[in-house]
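In: for reference, the sequence and a predicted model appear below.
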Amino acid sequence: MQIIKMFFYFIFTLLFPIINSLNITNCPNSITSAFKVEDNIYIFENQKVWKHNGDEIIDGPYNIKELFFPSPAAINCSVTSSNNIIYLFNYKKVYAYKETNNKFNLIENYPINLQPLIIPYPIKCFPLNNGSLMIGSGTLSYTYDPDRNMPHMSGNFYEQFPNLPQKFISGYPEDEEYNNYIFLDKLNASKYSLIEAEITSEEIQIKNYLNCKTN
């Protein structure tokens, strides 16, 4: 029995550094887009995807083809609606997915073409609590109904949401009421209160927010 225990201990000590070495080398340098499903955030850097639990990177990287069936060639913007549907925007194409066991399956009749009223294609987005999405580029925003593939209205991100982080590309709610958000740009993260219309935390570097362990 003692020999068996020693054998398993030996195997464990051999494997454990390998597991750690895999984890500490899989870190994004910047962010292309991000979305939240349940308690997990999915972080894109070009064709790669990482999984974050709100405290740290816990899995990845994956190629988008490994998680999304089928997947777009590229992702300009990603967001989860309050109806728990994940939308990926690839230029003027919209892909919609349902998540099952950490895999994302394309919903029937997707992808679809984005309404030509929405120009240019969206590169920044975040969800609202009524099922609508805020999408756009630069300062130009659209309140978008994904079920009808129609914009309710167009406007200016920073007039509709004063003090919104200037360079954000993705946002997701911190709470079920959609009162507080995390906004990410390519290199930084901020907390924002929709009720108070102000940033409620100091901007931190994305590497510190992601808390991805590297050598």
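Out: Thanks, I have it.

In: three-state assignment of the residue nearest the centre of the chain?
Out: Centroid-nearest residue in the chain, with C-alpha atoms, centre = their mean: residue 34, separated by 1.7 Å. What DSSP: H, G, I helix; E, B strand; the rest coil gives for residue 34 is strand.

In: and it, what does it touch?
Out: Shown in contact with residue 34 (C-beta atoms under 8 Å, 6 or more residues apart in numbering): 41, 42, 43, 44, 78, 169, 170, 172, 184. Where C-beta positions appear, they are placed from N, C-alpha and C, glycine not excepted.

In: got it, and residue 122?
Out: Under the criterion of C-beta under 8 Å, 6+ apart, the neighbours of residue 122 are 76, 77, 89, 114, 135, 136, 137, 142.

In: mind listing the helices for this structure?
Out: Along the chain, the segments classed as helices by DSSP state H run 2-24, 64-67, 157-160, 206-210.

In: touching the last one from outside, list them.
Out: Put plainly, it is helix 206-210. 27-31, 43, 50, 52, 56-57, 184-189.

In: how about it: buried residues?
Out: By neighbour count on 16 or more other C-beta atoms under 10 Å, the buried set for helix 206-210 is 206, 207, 209, 210.

In: which one of those residues is nearest residue 180?
Out: Ranked by distance to residue 180 (C-beta to C-beta), those are led by residue 209 at 15.0 Å.

In: how much space separates the closest one from residue 132?
Out: Counting by C-beta to C-beta, to the nearest Å, the gap from residue 209 to residue 132 is 26 Å.

In: export the contacts of residue 122 to a markdown table and tack on pLDDT and neighbour count?
Out: Conversion of the contacts of residue 122 to a markdown table gives the following (pLDDT from 0 to 100; neighbours: other C-beta atoms under 10 Å):
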| residue | pLDDT | neighbour count |
| --- | --- | --- |
| 76 | 96 | 23 |
| 77 | 97 | 27 |
| 89 | 98 | 26 |
| 114 | 96 | 21 |
| 135 | 98 | 28 |
| 136 | 97 | 24 |
| 137 | 96 | 18 |
| 142 | 98 | 25 |
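
In: can you add distance to residue 127 and give these back as CSV?
Out: Compiled in CSV, the contacts of residue 122 are given as follows (distance: C-beta to C-beta, whole Å):
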residue, distance to residue 127
76, 16
77, 12
89, 13
114, 17
135, 10
136, 14
137, 17
142, 13
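
In: what about those residues, which are in strands?
Out: Counting by DSSP state E, the contacts of residue 122 place 77, 89, 135, 136, 137, 142 in strands.

In: check contacts around the residue lying closest to the residue nearest to the centre of the chain once chain neighbours are set aside.
Out: Distance criterion C-beta to C-beta, 6 or more residues apart in numbering; nearest residue to residue 34, sequence neighbours excluded, is residue 170 at 4.2 Å. Residue 170 sits next to 31, 33, 34, 35, 77, 78, 79, 124, 125, 126, 183, 184 when contact means C-beta under 8 Å, 6+ apart.

In: perfect, I'm done here.
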